[in-house]
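Asker: Give me the fold of what follows.
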Amino acid sequence: MRPKHKVARVPEFRYIMYDEKRWQLLRELRAKALEVMRRLSSCGYSPIVHGSVARGDVDEGSDVDVVIPYIEPPSLVELCLERFGTEVFSKVLIKAAPKSALRVIYELTPDGRVSVSLPLERLSPQELEFYRFGGELTLDELERDLRVPGVTKSLVLIVPVADGHMEAPVRGYEHYVAKVLGVSLNTVLERVKLLTRRDEIGRTGLFFKMILDQAVPIEEILRELRNHRKLEYR
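Answerer: Numbering: from 1, shown residues only. Reported below is the predicted structural model:
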């Protein structure tokens, strides 16, 4: 008889120990994330931070990506940021693929390295799992200085340990990665496909991207786009 479940092959891990410079950088990036997330939380939102800041494997090119992972009126989110004197340097509307949720990204630094993103359409279960795939933390978890497993854009699985992390390839070990991260195998396979394609063609692969006029409310811009059929919705 064939087994009911495929046995997950376990990859060979490589151990990476962090030096003080890396720990200091992680503390600095997490402090920025905490500042933004606490402000959003005080307005009643439940943000997450995802990516290397959640995993711990930061470097000089790491961004602070804060997300409100559910629909909220963008005007109210902007009022919340304004209430605390948080400057928004640019607003960008993006849609990763025709069937992806439309999102707005608020860039809080001139270089866009600190941002808050907000979906303008309901995220699918798979889109929500994408955050866990890359590693995500709630405000409470970040305040407790936790680190979580996740996968980098280079398709390397990161598993935190006390003095650094263990890392291993994702390709060829998709079943194991899904089990470690607690996500569906389909999510892992989809991300492997997408990130491999981006690496091969050297493009972000965004279906739609638009830098918004700061003076025009997002709701008004959305009406204009819908009237001119500029976006393909699910």
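
Asker: Which residues are in contact with residue 138?
Answerer: 46, 47, 48 (C-beta atoms under 8 Å, 6 or more residues apart in numbering). For the C-beta atoms, the positions are set from N, CA and C on the backbone; glycine is no exception.

Asker: same thing but at 7 Å, please
Answerer: residue 48 (C-beta atoms under 7 Å, 6 or more residues apart in numbering).

Asker: now do the one 10 residues further on
Answerer: Shown in contact with residue 148 (C-beta under 7 Å, 6+ apart): 54, 55, 135, 136, 137, 160.

Asker: The fourth one - how many residues pack around it?
Answerer: The criterion is other C-beta atoms under 10 Å. On that basis, residue 136 has 24 neighbouring residues.

Asker: For it, grab phi and psi.
Answerer: Torsion angles at residue 136 (phi, psi; degrees, to the nearest 10) stand at phi -140, psi 150.

Asker: Now do the contacts for the residue nearest the centre of the chain.
Answerer: Centroid-nearest residue in the chain: residue 50, 4.4 Å away (criterion: C-alpha atoms, centre = their mean). Contacts here follow C-beta under 7 Å, 6+ apart; on that basis residue 50 touches 65, 67, 131, 134, 135, 136.

Asker: farthest pair in these?
Answerer: Maximum pairwise distance among the contacts of residue 50 (C-beta to C-beta): 12.2 Å, between 67 and 135.

Asker: which of those two has more neighbours?
Answerer: Shown here are residue 67 and residue 135; by other C-beta under 10 Å, residue 135 has more neighbours (25 against 22).

Asker: residue contacts, that one?
Answerer: Residues in contact with residue 135 (C-beta under 7 Å, 6+ apart) are 50, 51, 54, 55, 148, 149, 150.

Asker: Looking at those residues, spot the one nearest residue 19.
Answerer: Among the contacts of residue 135, and counting by C-beta to C-beta, the member closest to residue 19 is residue 55, at 17.0 Å.

Asker: Thought residue 158 was touching that closest one, still the case?
Answerer: Yes. In this structure residue 55 lies within contact range of residue 158 using C-beta atoms under 7 Å: 4.6 Å.

Asker: right, and residue 106 touches residue 91 too?
Answerer: Yes. Judged on C-beta under 7 Å, residue 106 makes contact with residue 91 at a distance of 5.9 Å.

Asker: Out of the two, name the residue with the larger neighbour count.
Answerer: Ranked by neighbour count (other C-beta under 10 Å), residue 106 and residue 91 place residue 106 first, with 24 against 19.

Asker: looking at this, the more buried one is in a helix?
Answerer: No. Assessed with DSSP: H, G, I helix; E, B strand; the rest coil, residue 106 is strand; it does not lie in a helix.

Asker: if I look at it, how far off is residue 173?
Answerer: Per C-beta to C-beta, to the nearest Å, residue 106 is found 36 Å from residue 173.

Asker: and if you look at residue 32?
Answerer: Distance from residue 32 to residue 173, counting by C-beta to C-beta: 33 Å.

Asker: again with residue 22
Answerer: Residue 22 is 26 Å from residue 173, where distance means C-beta to C-beta.

Asker: Over to residue 138?
Answerer: Counting by C-beta to C-beta - residue 138 and residue 173 are separated by 27 Å.

Asker: And for residue 212?
Answerer: To residue 173, residue 212 is 40 Å away according to C-beta to C-beta.

Asker: Between those two, which is the more surrounded one?
Answerer: Higher neighbour count among residue 212 and residue 173: residue 173, with 19 against 16, using other C-beta under 10 Å.

Asker: you'd agree that one is up against residue 13?
Answerer: No. Taking C-beta under 7 Å as the definition, residue 173 is not a contact partner of residue 13, at 10.6 Å.
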